[in-house]
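Q: Let me see the structure of the following:
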Amino acid sequence: MSNALSRKKKKMQPLGYKDDIHVFNQQKVRMMNYATELAEKTFSDIKLVAFNVLHDKFGYGQKRLIMLEEKVNKLMEGNTSCEELAVFLQKKGIDLMEVDIPQRDLMGFQDIAYNNNILPLKNKVNVVLGAVSDFIVLSATSLREMKLSKRQLMEYVDWVLYYINSLSQKYLDMIDVASVLYHECNYCDVRFVGKFREI
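A: Sure thing, here's the model as predicted:
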């Protein structure tokens, strides 16, 4: 084989792809997987926070927390988007569109500032904000069906935001939140099995 043919053969990539396109696709898949994992973790964490608020401030026990969880799951399986639910609540006088969650609280809540460079920080914050906002809207809609008043719903949202701030400032951690629900409501999140603290 001549030198010209051997040089040309070495430059060709398998399947006709260039290395940089293949690497870009791998990075894109890694970013999408990370964003999905972050959204799922945030959704599970905010659910525990909300349940803790309902238990501490509104006296909810295991039965009502499980009923709320079932209602939220049913809403998630339905065809209605969270934006449509927020508009529905707004028409009922409960304006969740105006709820403002500081970026530093979102970053601290999931500790996303420095944990990796797979996803840009702005995108991480948007993923966390989306998961938190979605759960607040889903739970508020379900709680409204469970006969919570407008004033109680807004109080509930304020307390959830307060707890997010406390978690971001490291006054609490998710093990504390899960431990309270486990010991006082017999509600167990499997992610924390074996890590519960005594209260």
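
Q: how far does the helix or strand residue 154 falls within sit from the chain's center?
A: Using DSSP states H and E, residue 154 falls within helix 150-168. Counting by CA atoms, centre = their mean, to the nearest Å, helix 150-168 is centred 15 Å from the centre of its parent chain.

Q: Over to stretch 106-126?
A: 12 Å.

Q: Run through who's touching the next helix-or-strand element following the helix holding residue 154.
A: Going down the chain from helix 150-168, the next helix or strand is helix 174-185, by DSSP H and E. Helix 174-185 is contacted by residues 45, 48-49, 51-52, 55-56, 60-62, 65, 163, 167, 187-189, 191-192, 195-199 when judged by CB atoms under 8 Å, 6 or more residues apart in numbering. No exception for glycine: its C-beta is placed from N, CA and C like everyone else's.

Q: The helix holding residue 154: which residues count as buried?
A: 153-154, 156-157, 159-161, 163-168 (16 or more other CB atoms under 10 Å).

Q: Using a markdown table, please lay out these together with pLDDT.
A: Listed next are the buried residues of helix 150-168 as a markdown table, based on pLDDT from 0 to 100:
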| residue | pLDDT |
| --- | --- |
| 153 | 94 |
| 154 | 93 |
| 156 | 96 |
| 157 | 95 |
| 159 | 96 |
| 160 | 96 |
| 161 | 95 |
| 163 | 96 |
| 164 | 95 |
| 165 | 94 |
| 166 | 94 |
| 167 | 94 |
| 168 | 92 |
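
Q: Quick check: of those residues, which lies closest to residue 78?
A: Distance to residue 78, by CB to CB, is smallest for residue 153 among those, at 20.1 Å.

Q: Where do the strands of this protein begin and end?
A: Using DSSP state E, the chain contains no strands.

Q: Sketch out the low-pLDDT regions of it for me.
A: 1-20, 22-23, 113-116 (pLDDT under 70).

Q: which strands and helices sit next to the longest helix anywhere in the chain?
A: Ranked by residue count, the top helix of the chain under DSSP state H comes out as helix 19-58. In terms of contacts (3 or more CB pairs under 8 Å, 6 or more residues apart in numbering; DSSP states H and E), helix 19-58 is packed against helix 62-77, helix 103-110, helix 121-145, helix 150-168, helix 174-185.

Q: who wins for proximity to residue 33 among the ones you listed?
A: Smallest distance to residue 33 across those (CB to CB): 12.1 Å, for helix 121-145.

Q: Just the buried positions in the closest one, please.
A: 124-125, 127-128, 130-144.

Q: ok, residue 76 - contacts?
A: Applying CB under 8 Å, 6+ apart, the residues contacting residue 76 are residue 138.

Q: any idea how far it is from residue 152?
A: 23 Å (CB to CB, to the nearest Å).

Q: Over to residue 41?
A: Residue 41 sits 28 Å away from residue 152, going by CB to CB.

Q: my guess is residue 75 contacts residue 140, does it?
A: No: assessed by CB atoms under 8 Å, residue 75 is found out of contact with residue 140, at 10.6 Å.
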